[in-house]
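S.K.: I'd like to go over a predicted model; first the sequence, then the structure.
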Amino acid sequence: MKTSSHCSAPHEDTRLTRRDLLAMAAVGAAATGVPGRAFAAAPQGQLTWALHVSVASTWFDPAETQALITPFMILYALHDAMVKPMPGELQAASLAESYTAAEDGLSYEIVLRDGVKFHNGEKVTAEDVKFSFERYRGASEKLMKDQVAAIETPDARHIRFKLKKPWPDFLTFYSSASGAGWIVPKKYIEKVGEDGFRNHPIGAGPYKFVSFNPGVELVLEAFEGYWRKIPAIKRLVMRVIPDESTRLAALKAGEVDIAYSIRGELAEDLANIPGLSIKSVVLQAPNWIYFPEQWDPKSPWHDLRVRQAANLAIDHEGMNKALFLGFCKTTNSIIPDTFEYYWQPPPAVYDPVKAKKLLAEAGYPNGFDAGLFYCDSSYSNIGEVTVNYFHEVGIRSKLQPIERAGFAAAYAGKQYKRGILRGASGAFGNAATRLASFVVAGGSNVYGSYPDIDALYQQQADELDPKKRGAILEKMQRLVHEKAIYAPLWQLAFLSGVGPRVGEAPFGKIAGFPYTAPFEDLTLKGA
């Protein structure tokens, strides 16, 4: 057997030196020791968040995880995974004490950490791990399950995943690019049923469920039996405040302690308010414009020149400065530049004159009506500016904002077959996992695909040589760029406001993650 390698995923806002990594490893090792927990102080106090989106109850259930980062805003509090991204480490053993891959790549052995418990006091067992994988129905479900021949549980702490053939991305999908490795209690779910679990979820994370008022707030309480460390804060309140100015006002008034997603002029105001601070994290979350009609020969979007014109119509840097104080990172790709096997495309170009010329050459000298422009309502500002840029070159559309949970479900449900949509994903993974979800046939958010790209995806999945595999994935990304399947915008900078009561606010500790995590690391000043 060989031990699976762990890799870090730093980005420009959270660069880690070797000394940093060694220090964090030492801290992590100390935190895992059970004797150390006996001296931890009891949780106290409360922190309140102002959330930019309404919480969906599906985010309480790892089995429903979409190819987005948003559900992990809740999962990191309520639940725990066998292996997951943590500070300084993309594949950190969590509920797992260890994990190893067979030399032939056909199996993975995982050993559960001894004594870890769910919120109801029951031990996490190998049966829960198997049950969670088999129950999983979220992003990349079929892709993963098609690769697994069997899951063996020889005893309560040992799990063996047997694959049908060597698959280099098994651990990447299992640990970070899906929710299949986040563990739920088999006995409890079988007792209360699916609806019962959604109404009162029980997990193995640092915080346990107290109450949920849809559209209003989610309340969580510290789980003092959490294996890594006892959380410092007793109660967390996540309050839904969709309006940005209202979120900032609540932060100024001390009604909330952390306000997610404060942008533009409001962010400038926030940066100048004594006692408040602004946190910026450049995410592994490229934003893009998608043209789902491009596979319809009767649509203008079927013509490559039209899609190229749309790319040229957007002033990326101008919009970045206006909306995000210039913090976003323009890479011209739907793949984050921190991901393994990332290929850097040529720089994005803003050229509305050339865009109009391409539209005329495609047969649309006066432009055309592109229908509705669908977007997550929390980013209506991006949609509004993009609609204006498109209109300037003759691509006319009407903005249709939709609350995030509904938008994400409709996007993945292939309901936006007409018009344009703004998409994004901050899900963990690598270039192959992102292509699987958003480019390749059968992907969770794929409305159409190209045979040459699909064929290359299968080739890279079977290729065990990292260099050869990297070359195939680079070719795939080149084709995505050349075909202008998307109009990439940038890697989003997520700006949040932090109030004076907050001690440790772990923004950016997990590379590329926009929200506060790990939750057990949160502290209050003076506590």
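M.R.: Right, received. Where do you want to start? Since we're looking at a predicted model, the values are computed, not measured.
S.K.: which residue is nearest the middle of this protein?
M.R.: Ile69 (2.0 Å; CA atoms, centre = their mean).
S.K.: Surely that residue and Phe513 touch.
M.R.: Yes. Ile69 is in contact with Phe513 according to CB atoms under 8 Å; the separation is 7.0 Å. (C-beta placed from N, C-alpha, C; glycine too.)
S.K.: so what sits against both of these two?
M.R.: Counting by CB atoms under 8 Å, 6 or more residues apart in numbering, the shared contacts of Ile69 and Phe513 are Leu283, Gln284, Gly426.
S.K.: What subset of these is buried?
M.R.: By neighbour count, with 16 or more other CB atoms under 10 Å, the shared contacts of Ile69 and Phe513 hold Leu283, Gln284, Gly426 as buried.
S.K.: before we move on, back to that, OK, contacts around the residue nearest to the residue nearest to the centre of the chain when sequence neighbours are not counted?
M.R.: For Ile69, ignoring the flanking residues on the chain, the nearest one in space by CB to CB, 6 or more residues apart in numbering is Gly426 at 3.1 Å. Neighbour list for Gly426: Leu68, Ile69, Thr70, Leu283, Gln284, Ala285, Leu492, Gly512, Phe513, Pro514 [criterion: CB under 8 Å, 6+ apart].
S.K.: Could you dump these into CSV and include pLDDT, distance to Gln458 and secondary structure?
M.R.: Below are the contacts of Gly426 laid out as CSV (pLDDT from 0 to 100; distance: CB to CB, whole Å; DSSP: H, G, I helix; E, B strand; the rest coil):
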residue, pLDDT, distance to Gln458, secondary structure
Leu68, 90, 25, coil
Ile69, 94, 27, coil
Thr70, 94, 30, coil
Leu283, 91, 29, strand
Gln284, 93, 25, strand
Ala285, 94, 27, strand
Leu492, 94, 31, strand
Gly512, 91, 27, coil
Phe513, 95, 31, coil
Pro514, 95, 32, coil
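S.K.: Adding distance to Pro451, write those residues out as a markdown table.
M.R.: Formatted as a markdown table, the contacts of Gly426 follow (distance: CB to CB, whole Å):
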| residue | distance to Pro451 |
| --- | --- |
| Leu68 | 27 |
| Ile69 | 30 |
| Thr70 | 32 |
| Leu283 | 32 |
| Gln284 | 29 |
| Ala285 | 29 |
| Leu492 | 31 |
| Gly512 | 32 |
| Phe513 | 35 |
| Pro514 | 35 |
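S.K.: tell me which of the residues you listed is nearest to Lys354?
M.R.: Leu492 (26.5 Å; CB to CB).
S.K.: Wait, that closest one touches Gln284, no?
M.R.: No. Applying CB under 8 Å as the test, Leu492 and Gln284 come out as separate, 9.4 Å apart.
S.K.: At which residues are the helices of the stretch 351-500 of the chain located?
M.R.: In the stretch 351-500 of the chain, the segments counted as helices under DSSP state H, counting those that start in this stretch are 352-361, 380-393, 404-412, 431-438, 451-462, 466-482.
S.K.: The stretch 101-250 of the chain now?
M.R.: So, for the stretch 101-250 of the chain - with DSSP H, counting those that start in this stretch - the helices run 126-135, 141-145, 170-175, 186-199, 244-252.
S.K.: Show me where the stretch 201-350 of the chain dips below the pLDDT cut-off.
M.R.: Within the stretch 201-350 of the chain, no range satisfies pLDDT under 70.
S.K.: hmm, what's the outermost residue in this structure?
M.R.: Of all residues in the chain (CA atoms, centre = their mean), Pro365 lies farthest out, 39.8 Å.
S.K.: thinking again about what came up before, go through the helices of the stretch 351-500 of the chain and pick out the most buried.
M.R.: Most buried of the helices of the stretch 351-500 of the chain by mean neighbour count (mean count of other CB atoms under 10 Å) is helix 431-438; its value is a mean of 25.
S.K.: how big is the angle separating that one from helix 404-412?
M.R.: Here the directions of helix 431-438 and helix 404-412 differ by 90 degrees (axes from the mean of the first three to the mean of the last three CA atoms, to 10 degrees).
S.K.: what's the spacing between Pro292 and Gly448?
M.R.: 7 Å (CB to CB, to the nearest Å).
S.K.: between the two, which one's more packed in?
M.R.: Pro292 (23 against 14; other CB atoms under 10 Å).
S.K.: list the contacts for the closest residue to the more buried one other than its chain neighbours?
M.R.: Nearest non-adjacent residue to Pro292, counting by CB to CB, 6+ apart: Tyr447, 4.0 Å away. Applying CB under 8 Å, 6+ apart, we find Tyr447 in contact with Tyr290, Pro292, Trp295, Lys414, Tyr416, Lys417.
S.K.: try Lys84
M.R.: Gln91, Ala92, Ser94, Ser175, Ser176, Gly181, Trp182.
S.K.: Name the SS class of it, please.
M.R.: Judged by DSSP: H, G, I helix; E, B strand; the rest coil, the three-state class of Lys84 is strand.
S.K.: Next one, pLDDT for it please.
M.R.: Lys84 is assigned a pLDDT of 97 by the prediction.
S.K.: do you know how far it is from Ala96?
M.R.: 9 Å.
S.K.: repeat for Ala471
M.R.: From Ala471 over to Ala96 (counting by CB to CB), the distance is 32 Å.
S.K.: Name the SS class of the residue nearest to Ala271 when sequence neighbours are not counted, please.
M.R.: Of all residues not flanking Ala271 in the chain, Ile278 sits nearest, at 5.0 Å (CB to CB, 6+ apart). Following three-state DSSP, the label given to Ile278 is strand.
S.K.: List the beta-bridge partners for Ile278.
M.R.: Listed by DSSP bridges, the beta-bridge partners for Ile278 are Gly497.
S.K.: Which residues are in contact with the closest residue to Gly225 other than its chain neighbours?
M.R.: Nearest non-adjacent residue to Gly225, counting by CB to CB, 6+ apart: Lys117, 5.2 Å away. Counting by CB under 8 Å, 6+ apart, Lys117 touches Lys123, Val124, Ala204, Gly225, Trp227.
S.K.: what about the fourth one, neighbour count?
M.R.: Burial measure for Gly225: 16 neighbouring residues, criterion other CB under 10 Å.
S.K.: any idea how far Glu265 lies from Lys252?
M.R.: Taking CB to CB, one finds Glu265 at 15 Å from Lys252.
S.K.: ugh, wrong one, Phe494
M.R.: For Phe494, the distance to Lys252 equals 20 Å [CB to CB].
S.K.: between these two, who's got more neighbours?
M.R.: Neighbours were counted for Phe494 and for Lys252 using other CB under 10 Å; Phe494 has more, 25 against 17.
S.K.: need the contact list for the closest residue to the more buried one other than its chain neighbours.
M.R.: Excluding the flanking residues, the one nearest Phe494 by CB to CB, 6+ apart is Pro514, at 3.8 Å. Counting by CB under 8 Å, 6+ apart, Pro514 touches Ile69, Tyr260, Val281, Leu283, Ala285, Gly426, Leu492, Phe494, Ser496, Phe507.
S.K.: Redo the residues you listed as CSV? Include distance to Thr100.
M.R.: Formatted as CSV, those follow (distance: CB to CB, whole Å):
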residue, distance to Thr100
Ile69, 28
Tyr260, 38
Val281, 33
Leu283, 31
Ala285, 32
Gly426, 29
Leu492, 36
Phe494, 35
Ser496, 38
Phe507, 33
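S.K.: Of the residues you listed, which is the nearest to Thr338?
M.R.: Once CB to CB is applied, the member of those that ends up nearest Thr338 is Leu283, at 9.4 Å.
S.K.: Confirm for me that that closest one is in contact with Ile510.
M.R.: No. With contact defined as CB under 8 Å, Leu283 does not reach Ile510; the gap is 10.8 Å.
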